[in-house]
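dropping the sequence and predicted coords here.
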Number of protein chains: 2
Amino acid sequence: MQFHHDGYVSGDPRVLPASGTGVDRPSELPDEVDVLIVGSGPAGMIAAAQLAQFPGITTRLVERRPGRLEIGQADGIQARSVETFDAFGFAERIIAEAYRITEMAFWKPDPADPTRIARAARTIDDPTGISEYPHLIVNQARVLDYFAEVMVNAPTRMTPDYGFEFRDLRIDDETGAGEHPVAVTLARTSGEDAGEERVVRAKYVIGADGARSGVRRAIGCTLAGDQANHAWGVMDVLVVTDFPDIRTKCAIQSHEGGSILLIPREGGYLFRMYVDLGEVPVGGEEALRATTITEIIAQANRIMHPYHLDVRDVAWHSVYEVGHRLADRFDDVPVDEIGIRLPRVFITGDACHTHSAKAGQGMNVSMQDGFNLGWKLGHVLDGRSPASLLSTYAAERRVVAKELIDFDRQWSALMAARPEDLQSPTELEEFYVRTAEFPAGFLTQYEPSMLIAEPRHQESATGFPIGKRFKSAPVVRVCDANPVHLGHHAKADGRWRIYVFADAARAGEASSVTEWAEWIAHSPESPVLAHTPEGGDIDAWFDVKVVYRQDHTGVDIGAVPDAFLPRVGRFGLVDYEKVYAADPLDDIFEARGIHHDGAVVVVRPDQYVADVLPLTATGELAAFFTAIMRP
Amino acid sequence: MQFHHDGYVSGDPRVLPASGTGVDRPSELPDEVDVLIVGSGPAGMIAAAQLAQFPGITTRLVERRPGRLEIGQADGIQARSVETFDAFGFAERIIAEAYRITEMAFWKPDPADPTRIARAARTIDDPTGISEYPHLIVNQARVLDYFAEVMVNAPTRMTPDYGFEFRDLRIDDETGAGEHPVAVTLARTSGEDAGEERVVRAKYVIGADGARSGVRRAIGCTLAGDQANHAWGVMDVLVVTDFPDIRTKCAIQSHEGGSILLIPREGGYLFRMYVDLGEVPVGGEEALRATTITEIIAQANRIMHPYHLDVRDVAWHSVYEVGHRLADRFDDVPVDEIGIRLPRVFITGDACHTHSAKAGQGMNVSMQDGFNLGWKLGHVLDGRSPASLLSTYAAERRVVAKELIDFDRQWSALMAARPEDLQSPTELEEFYVRTAEFPAGFLTQYEPSMLIAEPRHQESATGFPIGKRFKSAPVVRVCDANPVHLGHHAKADGRWRIYVFADAARAGEASSVTEWAEWIAHSPESPVLAHTPEGGDIDAWFDVKVVYRQDHTGVDIGAVPDAFLPRVGRFGLVDYEKVYAADPLDDIFEARGIHHDGAVVVVRPDQYVADVLPLTATGELAAFFTAIMRP
Ligand SMILES: Cc1cc2nc3c(=O)[nH]c(=O)nc-3n(C[C@H](O)[C@H](O)[C@H](O)COP(=O)(O)OP(=O)(O)OC[C@H]3O[C@@H](n4cnc5c(N)ncnc54)[C@H](O)[C@@H]3O)c2cc1C
Ligand SMILES: Cc1cc2nc3c(=O)[nH]c(=O)nc-3n(C[C@H](O)[C@H](O)[C@H](O)COP(=O)(O)OP(=O)(O)OC[C@H]3O[C@@H](n4cnc5c(N)ncnc54)[C@H](O)[C@@H]3O)c2cc1C
């Protein structure tokens, strides 16, 4: 964490000084905003938390509920989400309070007596070390709480506007509409003026309003997918039981009675069970939805035989019905107008894709939607980038949603299959282990676009695949000999990151790194010089870091080029935290396949690798940014 | 973190439900309190944070300042303090914002040109892996902020009473005084009624009012120690410099100009320098105290030659004068009345011991004073223990203070010595590495007393020395296969901990562990049965845990004795988080020298090992608690 560079400020460094729209932010929802977000679920809250970092942008988030979410909904937090929380500064706290999954157990009919279940297998949750972050379970409400804290501590001092319901929107013709072409009709849901409507005009609207999205309807998107919904009885309960794996994530298949997914929860006592209620029968929807908690418990006890659940308290329960559905588009631009018109309204999260709860994806993928869109809107509204950037949101995220739905279909089918229908008795466990990178959130790889370069130079750093998220590795910070994770310094501050991995030369010696540093600091071609706002710190929009091959005692900080020791803040102090050395015990150059001539790795504000280049390809680097940033 | 056992509560689990005196806690200082703490420094705040956990006790803390500390004072946080912060639940957050020391550099006159300084050595800060916790630097104000948060989140919802100055106190004769024998005169320091005096009566008073303690004076303690104070010019500054180690802790000795201790600070830019101003000359105190910041900076630049400090901003500066002084006693009982009369008034922290800032001890040792005293007062006032427990505070902590002062004298002398006066050129670095356990806070070993057993059975667990703090080691929690640190579950909740380390038998097999579990759960001799309050959970006052020798898959939780799976809360749920297994990669039985017949390790609420016993020595275990707990 870096702070105090503009002078000592006494207090929590997580509370950033208010600036821009955060100074005297009106508590009332204004008539005109830059971005209006509908819905305070994970997708809406992360987008808001990201946009809240841009002092010049007015973002408001409306939510139908009168206040924060208190209970229920999703709870699975994949490692990619924890990595994302770290970028927003609250990973360590949510880890401390969440349940951590390290193993999963598989229970099946006991071959000796199929009326009884027996433990068939135990698998390690992350057997290959996909991530240094854990796989967690914690109530969605807590995730939203942390994002709310990030928002209010941001320079814009943002808080959600509770008690407003989205009714409809109209996008005025670009030409006549002025700056705020989207007119959104809202209604108060509580308080004295409940029911009262008002119109708020926005430059952009994010529909993060869940599976029954009104924003989706308003822009005329349609959902495609399974006709039939699958239903689970879900319960968050406090129980006394003789089932030995009650604090372990379990997939439990009974011989005849169906299956259960058991998810231990935060705090050491609570757990969630998904009791499979099967496909929602046509005409039988009402009956299924009326399934009582007593029936869910009875069904669970049948499946668990010979073990018994003595339910002492029910914290929450629901019949959760969901189909595999995908919106035909993720913004207001119809397919035949792509390239002709730019989007003004976006849908994110459950509003554009739904899938089963079993793979624990809903909240996670929704957050990545919001993270993807948030910085792009920030850059366009901030004047950093052309509005064409916004088309990449739908292009990138729709592919991910499609892959997710396909994966989830397979996983759900396997979970629901009766043991005798499986190809092999261990098919379920094997699938789980084989596909682990997917549910952990790391398989996403964006296709080449204006934001993702063609992989022309991937060989410069084979371990940073272009289009995938930057996978961190340990390094040592030179100035203070601190062992750190290089990627963990990539905060959700909206900045592009350029990592320079050195060739064999030492800091300061004549080398490609020294030449590159000279170029980035002084060449008229330099993207940092070309695109950094006048009067701003040189690292305001670009975070340029270097990693040397020597250990930290072999790097003389006095010889490091100035490009990696920028002057910042009103005192022109030196930022020493951009210079790193390899950790001899765990060499990042080896671990990430860095070419012996070095490499430049360009990383987006949402942590995805946009390009990998040799140190000498300065022209290409400049061209990449020319296409996506305003001069 | 364990929660939700009395039902789901939506919100931050760190905010405990209000209870006892925390329900409708009066904002005004009442006329009668159980404990009155004077001073909101580290000693007072930790004692308050500890006492705040006891719902039945009314603790108030008065502080002369109108509000929180904002800047200045100490900043060195030894690993033992971070371990303590973990017990109070905020280690991960303060680690994230603090500067972390991993190395220290030693600069000396360059042998080739002694007018210039040159780097002579670099040493690893914790070369032997004394602790899994880091050595940090962060402003004292932040430490106090975190304790304030712990207090207000505790069941008693405690907050400091700012703007009250201690004037005097009188201890009434025990016989006639009733329940609140200490009459304390306070005066308001701010607001409309500034200067107004009032009397608050207390059962006990903690003087945590710093080096010029009024409480100390009021109970007639005297300070012994050096006549002369040593003085440093201290400055917290933002600087541009060419000194390469500016973000590394450095001891810098110049040939003639004196020495500097450089301490990088939180946030990446700020640092502190202690510029040695030498002994305070008799008669010259005023002149020395008048040393300006300009003079301190000039002196620093002379010492740093040929490097230069261009100071851009001064956050704080002071002439910090301190002597090596120790109070003759730490409570109101004169030496000749020890054993006859029990203490009512205690002094802690700087009020009873002062020493140089160089070893970075002031805040740390003061916190251990407060931690030591806090739970003892809690236990006595809560009716758990006899008042005789309170005599152990002075007995234990005065020895520690004495050792600290001796250590600090050596360290200060070495730091101040001119290079040519040292026995060897590397004497300073060697002393630093050799004595590392001391400044890290782990050398404290309490002598046998009612709270520390005679080491009759130390061979049962040689790695848990009786009288030293319980040194954690990795284990695996059986119920959820989570790798955890056994000691990190020891929260500052005022409970005694009994760790059972198993013999070779498996859970449930006939073995000493099974017999011990039977005994603790059912024997009339069992301390847990004898001393747990009626109607309370069985783990209310004692936290009994077991560690098996098998790996976690070798422990069948269904076979573990009930003593290690207690029923808690209003639903009688099973607490599964007391059963552990060895981590085969880092075996606690090996690491801590556990005897093959197993061991019982008794740990105090402040994390010190009180006793180590064989599993069969149940009588001795019972006797230990009989002496210190009420039936
Ligand atoms: C009742 C319920 C139970 C669920 N149970 C599970 C589960 O058991 N397991 C699981 O994995 N996932 C579950 N989910 C799904 C999971 O919560 C979602 O995948 C995830 O929250 C998606 O995030 P989101 O931000 O897209 O939408 P949501 O979290 O659904 O957030 C949408 C928000 O928009 C608000 N909103 C909706 N319409 C309007 C409007 N017109 N105006 C203003 N605000 C509006 C809603 O109140 C809500 O706060 C459940 C969802 C719901 C709603
Ligand atoms: C100005 C100053 C500068 C320091 N600089 C350094 C340094 O550079 N390096 C270092 O290692 N240590 C320094 N210290 C010492 C370090 O802060 C202490 O060792 C540490 O704080 C001890 O904690 P404590 O709780 O015992 O006392 P303190 O932190 O001193 O707290 C005592 C508290 O009691 C309050 N108080 C005092 N008298 C009364 C009264 N009559 N009524 C009510 N309240 C009262 C004070 O306002 C204060 O908040 C400094 C201390 C001070 C006061």
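Nice, I can see it. As the structure is a computational prediction, the values presented were derived from the model and not from experiment. Ligands and ions are numbered 1, 2, ... in the order given.

do whichever strand or helix holds residue A:433 and chain B meet?
Assigned by DSSP states H and E, residue A:433 falls within helix A:427-434. No. Applying C-beta under 8 Å from any C-beta of the partner chain, one finds helix A:427-434 separated from chain B by no less than 15.3 Å. (Glycine included, C-beta is placed from N, CA and C.)

contact partners of the helix or strand just after that helix?
Where DSSP H and E defines the elements, the next helix or strand beyond helix A:427-434 is strand A:474-477. The contact list for strand A:474-477, computed with C-beta atoms under 8 Å, 6 or more residues apart in numbering or on different chains, reads A:482-486, A:547, A:551-552, A:577, A:579-583, A:585-586, A:588.

switch the cut-off to 10 Å
Defining contact as C-beta atoms under 10 Å, 6 or more residues apart in numbering or on different chains, one finds that strand A:474-477 is touched by A:132, A:482-489, A:545, A:547-548, A:551-553, A:555, A:576-589, A:591, B:100, B:102, B:247, B:268.

take those residues and keep only those in helices.
Those of those mapping onto helices are A:588-589, A:591, per DSSP state H.

let me have the residues you listed in JSON lines, extended by pLDDT and distance to ligand 1.
Compiled in JSON lines, those are given as follows (pLDDT from 0 to 100; distance: C-beta to the nearest ligand atom, whole Å):
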{"residue": "A:588", "pLDDT": "98", "distance to ligand 1": "35"}
{"residue": "A:589", "pLDDT": "98", "distance to ligand 1": "39"}
{"residue": "A:591", "pLDDT": "97", "distance to ligand 1": "33"}
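
quick one, which of those are buried?
For these, a burial check counting by 16 or more other C-beta atoms under 10 Å in any protein chain shown picks out A:588-589.

relative to residue B:48, which of the ones in helices among the contacts of strand A:474-477 is nearest.
Residue B:48 lies nearest to residue A:588 out of these, by C-beta to C-beta, at 45.3 Å.

contacts only, for that closest one.
A:463, A:472-476, A:485-486, A:499, A:501, A:547, A:549, A:580-582, A:594.

next: residue A:26.
Listed by C-beta under 10 Å, 6+ apart, the contact set of residue A:26 reads A:58, A:60.

and it, how close does it get to residue A:33?
11 Å (C-beta to C-beta, to the nearest Å).

gap between the residue of the stretch 351-500 of chain A found nearest chain B and residue A:502?
Going by C-beta to the nearest C-beta, chain B is nearest to residue A:479 of the stretch 351-500 of chain A, at 3.8 Å. Using C-beta to C-beta, residue A:479 is found at 16 Å from residue A:502.

the more surrounded of the two?
Higher neighbour count among residue A:479 and residue A:502: residue A:502, with 28 against 24, using other C-beta atoms under 10 Å in any protein chain shown.

residue A:326 should be in a strand, yeah?
Yes. Judged by DSSP: H, G, I helix; E, B strand; the rest coil, residue A:326 forms part of a strand.

could you report the pLDDT at it?
You'll see residue A:326 listed with a pLDDT of 94.

who does it form a beta bridge with?
The bridge-partner assignment for residue A:326, based on DSSP bridges, gives residue A:224, residue A:353.

mind checking the end-to-end distance for stretch A:76-92?
For stretch A:76-92, the first-to-last residue distance is 17 Å (C-alpha to C-alpha, to the nearest Å).

show me what counts as buried in it.
Across stretch A:76-92, burial judged by 16+ other C-beta under 10 Å covers A:76-91.

what's the answer for stretch A:488-496, then?
A:489-496.

report the distance from that stretch to the chain centre.
Stretch A:488-496 sits 13 Å away from the centroid of its parent chain (C-alpha atoms, centre = their mean, to the nearest Å).

per-residue confidence at the closest residue to residue A:61 other than its chain neighbours?
Closest residue in space to residue A:61, ignoring its immediate chain neighbours: residue A:37 at 4.1 Å, by C-beta to C-beta, 6 or more residues apart in numbering or on different chains. pLDDT recorded at residue A:37 is 98.

ok, now how distant is residue A:37 from residue B:348?
From residue A:37 to residue B:348 the distance is 51 Å (C-beta to C-beta).

ok, now residue A:66?
Taking C-beta to C-beta as the measure, residue A:66 falls 47 Å from residue B:348.

more neighbours: the two, which one.
Shown here are residue A:66 and residue B:348; by other C-beta under 10 Å, residue B:348 has more neighbours (36 against 11).

surely the more buried one is in contact with residue B:209?
Yes. Contact criterion C-beta atoms under 10 Å: residue B:348 and residue B:209 qualify, at 9.2 Å.

and for the two, which residues touch both?
What both residue B:348 and residue B:209 touch, as defined by C-beta under 10 Å, 6+ apart, is the set B:37-39, B:41, B:43-44, B:215.

biggest separation within those residues, which pair?
Comparing every pair within the shared contacts of residue B:348 and residue B:209 by C-beta to C-beta identifies B:41 and B:215 as the most remote, at 12.6 Å.

can you tell me which of the contacts of strand A:474-477 are in strands?
Per DSSP state E, strands hold the following members of the contacts of strand A:474-477: A:482-485, A:545, A:547-548, A:579-582, B:100.

out of those residues, who's nearest residue A:619?
Within those, the smallest distance to residue A:619 is 21.4 Å, found for residue A:545 (C-beta to C-beta).

could you report the pLDDT at the closest residue to the closest one other than its chain neighbours?
Nearest in space to residue A:545, with sequence neighbours left out and distances taken as C-beta to C-beta, 6+ apart, is residue A:578 at 4.5 Å. Confidence at residue A:578, expressed as pLDDT, is 98.

how near is residue A:578 to residue B:103?
Look at residue A:578 and residue B:103: by C-beta to C-beta, they are 19 Å apart.

who's in contact with the closest residue to ligand 1 within the stretch 151-300 of chain A?
Residue nearest to ligand 1 within the stretch 151-300 of chain A (C-beta to the nearest ligand atom): residue A:210, separated by 3.0 Å. Residues in contact with residue A:210, defined by C-beta under 10 Å, 6+ apart, are A:38-39, A:41, A:43-44, A:64, A:73, A:216, A:349-351, A:354, A:362, A:366.

next: residue A:607.
A:80, A:83-84, A:86-87, A:371, A:468-472, A:487, A:490-492, A:497.

one more time with 7 Å, if that's ok
Applying C-beta atoms under 7 Å, 6 or more residues apart in numbering or on different chains, we find residue A:607 in contact with A:87, A:469-470, A:490.

how about it, nearest residue that isn't a chain neighbour?
residue A:469 (4.9 Å).

surely that neighbour and residue A:605 touch.
No. In this structure residue A:469 lies outside contact range of residue A:605 using C-beta atoms under 7 Å: 11.8 Å.

per-domain residue ranges of chain A.
Chain A is divided into the following domains under the TED database: A:30-70+A:149-224+A:325-414, A:100-135+A:227-322, A:458-627.

and the first one, how far out from the chain middle?
Think domain A:30-70+A:149-224+A:325-414. Worked out by C-alpha atoms, centre = their mean, domain A:30-70+A:149-224+A:325-414 lies 14 Å from the chain centre.

same thing with the second one?
Taking C-alpha atoms, centre = their mean, the mean C-alpha location of domain A:100-135+A:227-322 is offset from the chain mean by 26 Å.
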